[in-house]
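Colleague: My questions concern the predicted model and sequence given below.
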Amino acid sequence: MESANTLTSTVKARIEAAGSDTELRAIEREYLEKGGVVAGLLAAVPSLPGPERPAAGRAANQLKLEIAAALGAARERLASADLDQERSSAGFDASLPAQHSPRGSLHPIVQLTRELSDLFHSMGFLVLDGPEVETDEHNFEALNIPRDHPARDMQDTFRCDPEGKLVLRTHTSAVQVRAMRQLKPPMRAIVPGKVFRQETTDASHEHTFHQMEGIVIDKDITVAHLISTMKVLLRGVFGREIEVRLRPGYFPFVEPGFELDARCPFCKSGCSVCKQSTWIELLPCGMIHPNVLRSSGIDPETWGGFAFGLGLSRLVMLRFQIDDVRHLLGGDLRFLEQFS
Ligand code: PHE
């Protein structure tokens, strides 16, 4: 027991003084491994007089535990010293404030799309998606725009194959057809998405832009439903009641068709945004044409509805006062950073 006690303090002092893992390993071998000091002490226990044996055994075991613990602590001390050494030689100072990495922001189109999706979702609309490469059938035929119809010239189309069976969709109305064929009426849905037109670009025209289609099919739907839905939309975007008016508009897939104007949210008596007229052309819309319902297997005697084609890019420009549509997809970070 006596030798165990003196040993404890000697070995601990040696461990504390050790400066490398190799030294610690040597101490470990000398004391704890087969043929080592502790094993020798334990082997000597049976040769002691009977009454001394249990205490001597305990002391030897205690020594073993203490050495192991001291070795563990010393190894940790050495490892963290190594790390400190490595950090300071690499110029690392843990006390410096963190460097902030630049933070991204949501594109204004994404911001508005999310807001409008929430708004329409709260009115029971589904938010749908559709392919950007569309069939001529979905983009035109089923929307009451047959092949030689002059209305095809209203939208200059990017064609994807020589036969003209596939196109880059010119409007989100193509998804109206998909929705009608896949869902049963009654239904309400919006479709935010990218559309493409082969046009010369300028501050208000872009070959790629965003629309948000809306479609409602139910029984006894009237123009009043359309107008009130549009007023909810405007209240959501501009945060207050905004007056609207309808003018006749022609689109083969609606009858009657309208252009919906909103009172200019920025002035009372005319400004550059409304071109001094106090009205802003907001969106085309109308009551879904019976031929369109029929072509998707919906009986126009039972069901009716309205559709609208919101120019999302235009609304984003109005809302954030952006003067050139080409900024939207131009990818200039200086533009995008303004929306964080
Ligand atoms: N799809 C038409 C366009 O892009 C807009 C529209 C949608 C008109 C729905 C009426 C109803 O020009």
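Modeller: Noted; the coordinates are in hand. In this text the structure is predicted, and so the values were computed from the model without any measurement.
Colleague: And residue 80, how far from residue 17?
Modeller: Going from residue 80 to residue 17 by CB to CB, to the nearest Å gives 17 Å. C-beta coordinates here come from the backbone N, C-alpha and C atoms, glycine included.
Colleague: typo on my end, residue 189
Modeller: Taken as CB to CB, the span from residue 189 to residue 17 is 78 Å.
Colleague: Kindly report the residues of the stretch 51-200 of the chain close to the ligand.
Modeller: 171, 173 (CB under 6 Å from any ligand atom).
Colleague: follow-up on the earlier one: please identify which of residue 189 and residue 17 sits among more neighbours.
Modeller: Between residue 189 and residue 17, residue 189 has the larger neighbour count (other CB atoms under 10 Å), namely 22 against 9.
Colleague: List of residues touching the one helix or strand that one maps to?
Modeller: Using DSSP states H and E, residue 189 maps to strand 187-196. Applying CB atoms under 8 Å, 6 or more residues apart in numbering, the contact partners of strand 187-196 are 113, 116-117, 120, 123-130, 132, 158, 168-172, 175-176, 179-180, 183, 207-218, 312.
Colleague: again, 6 Å this time
Modeller: Residues outside strand 187-196 that contact it (CB atoms under 6 Å, 6 or more residues apart in numbering): 113, 120, 124-128, 132, 158, 168-172, 175, 179, 208, 210-217.
Colleague: Out of the residues you listed, which end up buried?
Modeller: The neighbour-count test (16 or more other CB atoms under 10 Å) marks 113, 120, 125, 127-128, 168-172, 175, 179, 208, 210-217 as buried among the contacts of strand 187-196.
Colleague: Might you specify the subset of those located within strands?
Modeller: The members of these that map onto strands under DSSP state E are 127, 168, 208, 210, 211, 212, 213, 214, 215, 216, 217.
Colleague: pretty sure the second one contacts residue 159?
Modeller: Spelled out, that is residue 168. No - applying CB atoms under 6 Å as the test, residue 168 and residue 159 come out as separate, 8.2 Å apart.
Colleague: Do you know the pLDDT at residue 1?
Modeller: Note for residue 1: predicted pLDDT of 64.
Colleague: make that residue 69, sorry
Modeller: 91.
Colleague: can you tell me the helix or strand for it?
Modeller: helix 53-89.
Colleague: Which strands or helices does that helix pack on?
Modeller: Counting contacts by 3 or more CB pairs under 6 Å, 6 or more residues apart in numbering; DSSP states H and E, helix 53-89 packs against helix 2-17, helix 21-32, helix 37-44.
Colleague: what is the orientation angle of that helix with helix 37-44?
Modeller: 170 degrees (axes from the mean of the first three to the mean of the last three CA atoms, to 10 degrees).
Colleague: Use 119 as the first number from now on
Modeller: From this message on, residue numbering opens at 119, which makes the last subject helix 171-207.
Colleague: Could you give the separation of helix 171-207 from the chain centroid?
Modeller: Its chain's average C-alpha position is 50 Å from that of helix 171-207, according to CA atoms, centre = their mean, to the nearest Å.
Colleague: Can you give me the buried ones in it?
Modeller: Buried residues in helix 171-207, counted by 16+ other CB under 10 Å: 174-175, 177-178, 181-182, 184-185, 188-189, 192-193, 196.
Colleague: what's the answer for stretch 303-311, then?
Modeller: By 16+ other CB under 10 Å, the buried positions in stretch 303-311 come out as 303, 305, 306, 307, 308, 309, 310, 311.
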